[in-house]
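K.L.:
Provide a 3D model corresponding to the input given below.
(one chain, ligands or ions: 1)
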Amino acid sequence: MAEDSPEIFTKTPGWLDWCPDPSKPRFVPPPGAVDAHCHVFGPGAEFPYAPQRKYTPCDAGKQQLYALRDHLGFARNVVVQATCHGADNRAMVDAVRHSGGRARGVATVRRAVTDLELEDLHAAGVRGVRFNFLKRLVDFTPRDELLEIAARIAPLGWHVVVYFEAVDLPQLWDFFTALPTTVVVDHMGRPDVREPVAGPQFQRFVRLMREHANVWSKVSCPERLSLSGPPALNGERNAYRDVVPFARYLIETFPERVLWGTDWPHPNLKNHMPDDGLLVDFIPHIAVTAEAQRRLLVANPMRLYWPEET
Ligand code: 0GY
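P.N.:
Numbering: from 1, shown residues only. Reported below is the predicted structural model:
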């Protein structure tokens, strides 16, 4: 390969591409609604995927993300660094910079990050870092390195986003509760939805939020957690029903500490690719009043990502 030719990436076998023609949701998000969890992938020819990545996705760039935002009736995005880009934040930063102020970013950084690099990320619109604990997505990072990073980003007013499996919460508890910032948990801590909401696994997560007022949760990714799956193609729009009680419980118990996101372009789904319009129609099933919807989609993400406007 000539030095200046872009690298050609081959998708992970079985990779499911994002839905090209999502339906128009029936639910109309309140004005100013924020999709607080989504990603961009490359495009690889412009922003190469990281050598240490665990998967190679399809390209999913900023134009497609912002077209989806408009189609779904949202106003803003929080673009979360995906593991396929490692700690090279250029694709995410480029997307945020080209949003006209309508996106913020969550980065991945290593211990070696300089203060100047952190300041540049802040100027671009980054407001948090993500620590990922899923073994299928990342190699292990020592906890002292993560704590050091958390201490460095805290003075910038940033928060830490954490992604883990529910079964791993006991061993991560002390680490999470030692973090000096707001801590945002991805996808409700990934509960096993075969277990009851009142069961020990989910209630452990609820206890984390109850005892630690700095812990927030994204009530996102029903398509990842659901066993009942999307509805049959019969016009029904209340998909992923088995996840509803978990998300609704968190929204009703911690109305000021919940966020929602599409998770577009939905990395690593194996069985089906969601219709993003259906995902939006999940919202009124979990946030059942206009006030709960306003907090979930507008007030809470604005407080965290655009505090200067609130
Ligand atoms: C998600 C979920 C996943 C992937 C990533 O950064 C990532 O690669 O977050 C997953 O595979 O469960 O939130 O996008």
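
K.L.:
return the residues of the stretch 101-250 of the chain in contact with the ligand.
P.N.:
137, 163, 186 (C-beta under 6 Å from any ligand atom). For every residue, glycine as well, the C-beta is placed using N, CA and C.

K.L.:
now rank these by neighbours and give me the top one.
P.N.:
For those, the largest number of neighbours (other C-beta atoms under 10 Å) sits with residue 186, at 23 neighbours.

K.L.:
check contacts around the residue nearest to it when sequence neighbours are not counted.
P.N.:
Leaving aside its chain neighbours, residue 186 sits nearest to residue 163 (4.2 Å; criterion: C-beta to C-beta, 6 or more residues apart in numbering). By C-beta atoms under 8 Å, 6 or more residues apart in numbering, residue 163 lies in contact with 130, 131, 132, 133, 134, 137, 185, 186, 187.

K.L.:
rewinding a little: among the residues of the stretch 101-250 of the chain next to the ligand, which are located in strands?
P.N.:
Judged by DSSP state E, the subset of those located in strands is residue 163.

K.L.:
for the residues of the stretch 101-250 of the chain next to the ligand, give me CSV that also has distance to residue 194.
P.N.:
Output for these, formatted as CSV (distance: C-beta to C-beta, whole Å):
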residue, distance to residue 194
137, 23
163, 21
186, 20
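
K.L.:
from the residues of the stretch 101-250 of the chain next to the ligand, pick the one nearest residue 149.
P.N.:
Using C-beta to C-beta, residue 163 comes nearest to residue 149 of these, at 15.1 Å.

K.L.:
low-confidence ranges in the protein?
P.N.:
Across the chain, residues meeting the criterion (pLDDT under 70) sit at 1-4, 232-235.

K.L.:
for it, which segments count as helices?
P.N.:
Per DSSP state H, the chain carries helices over the ranges 62-72, 90-97, 115-124, 143-153, 169-178, 200-211, 222-225, 244-253, 276-286, 290-294, 300-305.

K.L.:
need the nearest residue in space to the most centrally placed residue in the chain, chain neighbours excluded.
P.N.:
Residue closest to the mean C-alpha point of the chain, counted by C-alpha atoms, centre = their mean, is residue 37 at 3.2 Å. What sits nearest to residue 37 in space, not counting adjacent residues and going by C-beta to C-beta, 6+ apart, is residue 261, at 2.5 Å.
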